[in-house]
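1. Predicted model and sequence below, questions to follow.
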Amino acid sequence: MDIEELGMPELKGFKLKRDMAYNVYKAAVRYRTEKKDHDLNNRVLKTIIAHFSHSQRELAALNKKLLQSHKALEEDLQAAAGIQASLLPQTLPDVDQLKFSWKFFPCQSIGGDIFNVFRLDEDHMGLYILDVSGHGVPSALVTVSVSQRLNPQSGMLVKKKIDDPPRYHISSPSEVFQVLDEEYPMERFDKYFTAVYLIINFKTGRLTYSNAAHPPPIMLHADRPCTFLTEGGTIVGMGGVLPFDEETITVCPGDKLILYTDGVTESRNSQGEFYGEPRLYEVLETHKSLPIEALLTKAHEAMTAFGNQAPLEDDITMLGVEFV
């Protein structure tokens, strides 16, 4: 039964007005709610944007600072590399009986390899090559320190000053390593190094050497297979607990001596395969008739071709001597 059947048509109009008012009220509430939500959303969005902008400015400032620090570090490393390069031979020793050549490629701006060739007196030439464990600044600092100890002008290790004529004493390779082993223990520097030290009497062709766990130098002969200089001892850094042996051999005109660091044989191709000693020996034997400079160039080209010009994982050093 509806309102008209009850005989109360005036109530129908009241209901319509009531419903209309209710709808208007709901619409007003909805509008205020939506407006309030919209304003709130705007405030939240503005806050997020403000925080984001602030973070962006902070990030830009930090990035600028990082770039400046990186630039300063690069400049320091380049300066250190220049200092290290200054320790390498600057000119070839002027000796008629010997010819020298070398290749040096650090895997970073500074590395842990170093070598030198120097005159000891009218008859003797000194040579060394060493490889400090690790890479970068710590290893380079050790190479710089050791190279200073091996400087013949210091009069302290490889060529000692004495009172009696001829006023100097040339230390043997084993003596040199014994002193270095005591002065550079692993506990002190957290580093060790391998090395070869040689003394060549270029008037007589006598060569005395000691090998401290370094890749054996290769002696190439014109009329027979190559031989290796293996006599010596363990790594330098054991604190003097083990002795170093040495050996004296006679070289002949036409012989060539190749010293190198393990970065050569441990370079890898894209499959992870090591270049290895056999490949190096084969290249050197095949081209041993070349002059020493061309021979080292050929060996380096073969190694880089094997690795498809991949970035170096370790320092690469080769030092060659030709006995003419």
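-> Received it, and whenever you're ready, just let me know what you need. Numbers count the residues shown, from 1 in each chain.

2. From here on, just use CA atoms for contacts and neighbour counts.
-> Will do.

3. Which residue ranges of the stretch 51-200 of the chain form helices?
-> 136-149, 173-183, 186-189 (DSSP state H, counting those that start in this stretch).

4. To V264, which of those helices lies closest?
-> Among those, the nearest to V264 by CA to CA is helix 136-149 (17.8 Å).

5. between the closest one and helix 173-183, how many degrees?
-> Helix 136-149 and helix 173-183 are oriented at 130 degrees to each other (axes from the mean of the first three to the mean of the last three CA atoms, to 10 degrees).

6. Sort out which residues of helix 136-149 are buried, please.
-> Buried positions in helix 136-149, judged by neighbour count with 16 or more other CA atoms under 10 Å: V137, P138, S139, A140, L141, V142, T143, V144, V146, S147, R149.

7. Select from the residues you listed the entry with the lowest predicted confidence.
-> Least confident of the buried residues of helix 136-149 in the model: V137, at 80.

8. Could you find the closest non-adjacent residue to that residue?
-> I110 (6.7 Å; CA to CA, 6 or more residues apart in numbering).

9. one step back: make TSV out of the buried residues of helix 136-149 and add distance to M186.
-> Below are the buried residues of helix 136-149 laid out as TSV (distance: CA to CA, whole Å):
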residue	distance to M186
V137	17
P138	13
S139	12
A140	15
L141	14
V142	11
T143	14
V144	16
V146	14
S147	17
R149	17
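
10. In terms of pLDDT, where does the residue nearest to V137 sit?
-> For I110, the model assigns a pLDDT of 72.

11. count of residues packed around the spatially closest residue to Q153 that is not a sequence neighbour?
-> Spatial nearest neighbour of Q153, excluding adjacent residues (CA to CA, 6+ apart): K159 at 7.8 Å. K159 has 22 neighbours, counted by other CA atoms under 10 Å.

12. Now do the contacts for K159.
-> L120, P152, Q153, Y168, H169, I170, S171 (CA atoms under 8 Å, 6 or more residues apart in numbering).

13. Reformat those residues as CSV; add distance to D94, pLDDT and neighbour count.
-> Formatted as CSV, the contacts of K159 follow (distance: CA to CA, whole Å; pLDDT from 0 to 100; neighbours: other CA atoms under 10 Å):
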residue, distance to D94, pLDDT, neighbour count
L120, 13, 94, 20
P152, 17, 87, 18
Q153, 18, 83, 14
Y168, 22, 91, 16
H169, 22, 92, 18
I170, 20, 95, 19
S171, 22, 96, 15
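
14. What is the nearest of those residues to E182?
-> Nearest to E182 among those: S171, at 15.7 Å, using CA to CA.

15. my read: the closest one touches P152, true?
-> No: between S171 and P152 there is no contact, the gap being 10.3 Å when judged by CA atoms under 8 Å.

16. any shared contact partners between those two?
-> V158, K159.

17. coming back round to it: which one of the helices of the stretch 51-200 of the chain lies closest to A213?
-> Proximity to A213 (CA to CA) singles out helix 173-183 among the helices of the stretch 51-200 of the chain, at 11.4 Å.

18. buried stuff in stretch 287-299?
-> K288, S289, P291, I292, E293, L295, L296, A299.

19. Rounded mean pLDDT for whatever helix or strand the fifth one lives in, please.
-> Assignment of secondary structure by DSSP states H and E places E293 within helix 292-306. Computed over helix 292-306, the mean pLDDT rounds to 95.

20. Excluding its own residues, what touches that helix? List them.
-> Helix 292-306 has contacts (CA under 8 Å, 6+ apart) with 99-103, 256, 264, 267-269, 275, 280, 283-284, 287-288, 310, 318, 320-322.

21. Drop the exposed ones from the residues you listed and show what's left.
-> Buried among the contacts of helix 292-306 (16+ other CA under 10 Å): 99-102, 256, 264, 267-269, 275, 280, 283-284, 288, 318, 320-322.

22. just to revisit the earlier point, beta partners of the residue nearest to Q153?
-> Judged by DSSP bridges, the bridge partners of K159 are I170.

23. gap between it and G237?
-> Distance of K159 to G237, given as CA to CA, to the nearest Å: 22 Å.

24. And for T265?
-> In terms of CA to CA, T265 sits 23 Å off from G237.

25. for L319, which residues make a bridge with it?
-> In beta-bridge terms (that is, DSSP bridges), L319 pairs with W102, L259.

26. check contacts around it.
-> F100, S101, W102, K103, F115, I129, I258, L259, Y260.

27. between those, which is nearest T204?
-> F100 (18.0 Å).

28. ok, that closest one touching D94?
-> No: taking contacts as CA under 8 Å, F100 lies outside contact range of D94: 9.7 Å.
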